[in-house]
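Participant: Return atomic coordinates for the entry below.
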Amino acid sequence: MAPSSHPQTDQKAAGEAAGWRDLSGRQWKAGAAAWLGWTFDGLDMHLYTLVAAPFVAELLSASSTTDERVGRYGSIIQAAFLMGWALGGGFFGRLGDRLGRARALSLTVLTYALFTGLSFFAHAWWHLMIFRFLSALGIGGEWAVGASLLAETWPRRWRPWIAGVLQTGVNIGILFACLANFLMADLRPRCLFLVGVAPALLVFWIRRAVPETEEWQRAKEQSPAAAPTLRDLFRGETRRTTFFVLAVCAVSLTAHWAFMFWHQQQLRNLPEVLPWTVEQKNRLVSKALYLVIVSSIVGNFFAAAVARRIGYRRTIAWMSFGYFLVMVGAYGVPRDHAALLLWLPGIGFFQGLFALYTMYLPPLFPTLLRTTGAGFCYNIGRIVAAFGTVFFGLFSHVGDHRAALLYAGLLFLPAGFLAFFLPPPNE
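Facilitator: Residues are numbered from 1 along each chain as shown. Coordinates of the predicted model:
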């Protein structure tokens, strides 16, 4: 749905577009760059989860994906990925505030494309761990830079809808990953990572076509010689914002990423699925992730519509409570793969809550701390999520990860309560 086409006087005075036709070329280019960056972000981040069990089993020379080493080392690799994501959010977020949004965006895309492709050449589990860690640096940085780029170029009153559209880019990228895995199901798992090189081509267009934002340029010109530092996130009024954003992101992302990793492994190792061929298992997990992501796209725009009515904070809280309920429903009792496929769309729907973070978080911080603050607070939660992925895996029996998924889902309950203490958005 497009924003209202009926402009108001104050909006005209502020120079904000009232409809799609009023957007400038600069705004369209910034929007396309951020959306494409997020789309390829989604592609590269989920290639591993689709083939984690068979690829790690291959690297370990394990006879089966139920080998306990596969789950252990697979979760360590995913934890390294989430650690890299967190550190990349802080590192590239800082570059985004220093060098500009467009330049930093190019560097993030190039980083995750290069190291995702190099994962093809892994011959030991720790090779793959290093490549996933390095690719995650770019993926984590791209979130903060892309979100700030749009927050500074597109109309403020459109933010909930922009958030839904931008998050949908990630979802479509994941669907591309599912499609690639489906089409390449009969190839060795490592071949899937070659698909992740494609985003590198986007860099050339970004560097030529996307200008820096006017808001960043003005702030840079007017700033004192000493630019804000990471420590400024923990000073003055910004400190409270940083604390609560960190808390909500850490708890919700721990639960979310435990689901995104372990639900694939759970499906592969269900008793009725174990006798299937590798190709059949690959197609099952691709279908499962497809159901999650398509319903997540619906959830993105549902969350945006609700946020326009009751605000970001309450919408984040209620979507977290919904995520909690469907996780308990799906994994509270043992279910076969057919039953789980019926629950997955509900889980995907409530993932729409993460779309709201896209436009809600960056404006909470000063302009020259924007990508630093958003990148640090959102992505540092992934460090907790990294430990959580491994920690919840300890609750798994050999080949059975239902308990890990159930306990992870319980975390959405405190995440929802903490959301009520988030600061109001800056309009």
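
Participant: In the protein, which helix is the longest?
Facilitator: Ranked by number of residues, the top helix in the chain under DSSP state H is helix 25-60.

Participant: Okay, buried residues for it please.
Facilitator: For helix 25-60, the neighbour count (16 or more other C-beta atoms under 10 Å) marks 27, 29-31, 33-60 as buried. For glycine as for every other residue, the C-beta is placed from the backbone atoms N, C-alpha and C.

Participant: cool, stretch 336-344 as well?
Facilitator: 337, 340-341, 343-344.

Participant: ok, those vs Val165, which is closest?
Facilitator: Leu344 (23.1 Å; C-beta to C-beta).

Participant: Check the secondary structure at the closest one for me.
Facilitator: helix (DSSP: H, G, I helix; E, B strand; the rest coil).

Participant: And it, what's its pLDDT?
Facilitator: Per-residue confidence (pLDDT) for Leu344: 95.

Participant: For the closest residue to it other than its chain neighbours, give its distance to Val273.
Facilitator: Distances taken as C-beta to C-beta, 6 or more residues apart in numbering place Leu291 nearest to Leu344, at 4.6 Å, with adjacent residues excluded. Noted for Leu291: a distance of 16 Å to Val273, by C-beta to C-beta, to the nearest Å.

Participant: neighbour count winner among those two?
Facilitator: Shown here are Leu291 and Val273; by other C-beta atoms under 10 Å, Leu291 has more neighbours (20 against 16).

Participant: orientation of the helix or strand where that one lies relative to helix 25-60 in degrees?
Facilitator: Using DSSP states H and E, Leu291 maps to helix 278-310. Orientation check (axes from the mean of the first three to the mean of the last three C-alpha atoms, to 10 degrees): helix 278-310 against helix 25-60 gives 140 degrees.

Participant: Quick check: buried residues in helix 278-310?
Facilitator: Neighbour count says helix 278-310 has 278, 281-304, 306-307 buried, by 16+ other C-beta under 10 Å.

Participant: what's the answer for stretch 167-186, then?
Facilitator: Result for stretch 167-186 [16+ other C-beta under 10 Å]: buried residues 167-178, 180-182, 184-185.

Participant: For that stretch, C-alpha coordinates in PDB please.
Facilitator: Extracted as PDB, the C-alpha positions of stretch 167-186 are listed here (Å, rounded to 0.1, in the frame of the first residue of the first chain):
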ATOM      1  CA  GLN A 167      12.700  -6.200   5.500                       C
ATOM      2  CA  THR A 168      10.900  -7.900   2.600                       C
ATOM      3  CA  GLY A 169      14.200  -7.500   0.700                       C
ATOM      4  CA  VAL A 170      15.800  -9.800   3.200                       C
ATOM      5  CA  ASN A 171      12.900 -12.200   2.900                       C
ATOM      6  CA  ILE A 172      13.100 -12.300  -0.900                       C
ATOM      7  CA  GLY A 173      16.900 -12.900  -0.600                       C
ATOM      8  CA  ILE A 174      16.100 -15.900   1.600                       C
ATOM      9  CA  LEU A 175      13.600 -17.200  -1.000                       C
ATOM     10  CA  PHE A 176      16.300 -17.000  -3.600                       C
ATOM     11  CA  ALA A 177      18.500 -19.000  -1.300                       C
ATOM     12  CA  CYS A 178      15.700 -21.600  -1.000                       C
ATOM     13  CA  LEU A 179      15.300 -21.700  -4.800                       C
ATOM     14  CA  ALA A 180      19.000 -22.100  -5.300                       C
ATOM     15  CA  ASN A 181      19.100 -25.000  -2.800                       C
ATOM     16  CA  PHE A 182      16.100 -26.600  -4.400                       C
ATOM     17  CA  LEU A 183      17.600 -26.400  -7.900                       C
ATOM     18  CA  MET A 184      21.000 -27.500  -6.700                       C
ATOM     19  CA  ALA A 185      19.700 -30.300  -4.400                       C
ATOM     20  CA  ASP A 186      21.600 -33.000  -6.300                       C
END
